[in-house]
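**Student:** Next come a sequence and a model predicted from it.
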Amino acid sequence: GQNIDQPTEMTATEGAIVQINCTYQTSGFNGLFWYQQHAGEAPTFLSYNVLDGLEEKGRFSSFLSRSKGYSYLLLKELQMKDSASYLCAVPNQAGTALIFGKGTTLSVSS
Amino acid sequence: ETGVTQSPTHLIKTRGQQVTLRCSSQSGHNTVSWYQQALGQGPQFIFQYYREEENGRGNFPPRFSGLQFPNYSSELNVNALELDDSALYLCASSLGGSGTSTNEQFFGPGTRLTVL
């Protein structure tokens, strides 16, 4: 089966750096996604990692360690608009769907 | 390029009723996946349609059914509504069929269903 764990809530202040962790257990591995979802809105794609290492995209970076079943999303220079839920997801075994974690709600305060 | 659209935005139904939700995929996308997202949870996969055929199904009962049309738009039908069906229903489109969840899925804004 597949299982994804991520913290439920995190808080941070504007300008800070925050790291959101995700651990996963999956039969077969075919990449890991991070999505951002503002309250009441659709999830939007942030990153996709299939190889080990860090991928940087502006203020957001995503890291993957396949041997440890671990990923993190790093958000730098936090802004109020970064307050959202961050979802970690992996493809299911058949490759037909994404299996999502419960999401980490990040609150950024001034 | 038109993004994924869903209708209606909000819907209120009572237990036992039936509901149909609609989704138009992003231009050029031939695969539509439906997800249910309860409050405070991540989206849960309901099923996927590729070229008008069901291409995978999650752990949802048969009263959840769907269709995909030749223009790749899709419907989600839920019969005999239960209180626990209250959720945000998300449609996501992508390009390709089986084994394509590694392709980026583009989500619509969702339909908020409330069952009373």
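**Tutor:** Perfect, thanks for sending it. Residues are numbered from 1 along each chain as shown, chains lettered A, B, ... in the order given.
**Student:** Poorly predicted segments of chain B, please.
**Tutor:** B:1-2, B:97-103 (pLDDT under 70).
**Student:** Angles on the backbone of the spatially most central residue of it, please.
**Tutor:** Nearest residue to the geometric centre of chain B (C-alpha atoms, centre = their mean): B:Trp34, 2.8 Å. Dihedral angles of B:Trp34 (phi, psi; degrees, to the nearest 10) stand at phi -110, psi 140.
**Student:** now do A:Met80
**Tutor:** Main-chain dihedrals, A:Met80, degrees, to the nearest 10: phi -60, psi -40.
**Student:** next one: A:Asp82
**Tutor:** Torsion angles, degrees, to the nearest 10, at A:Asp82: phi -80, psi -10.
**Student:** rewinding a little: need the contact list for the residue nearest to the centre of chain B.
**Tutor:** Taking C-beta atoms under 8 Å, 6 or more residues apart in numbering or on different chains, we find B:Trp34 in contact with B:Cys23, B:Phe45, B:Ile46, B:Phe47, B:Gln48, B:Gly66, B:Ser74, B:Leu76, B:Tyr89, B:Leu90, B:Cys91, B:Ala92. All C-beta spots, glycine's among them, are computed from the backbone N, C-alpha and C.
**Student:** ok, now B:Asn30?
**Tutor:** In this structure, B:Asn30 makes contact with B:Tyr50, B:Arg51, B:Tyr72, B:Leu95, B:Gly96, B:Gly97, judged by C-beta under 8 Å, 6+ apart.
**Student:** A:Glu9: neighbouring residues, count only.
**Tutor:** 10 (other C-beta atoms under 10 Å in any protein chain shown).
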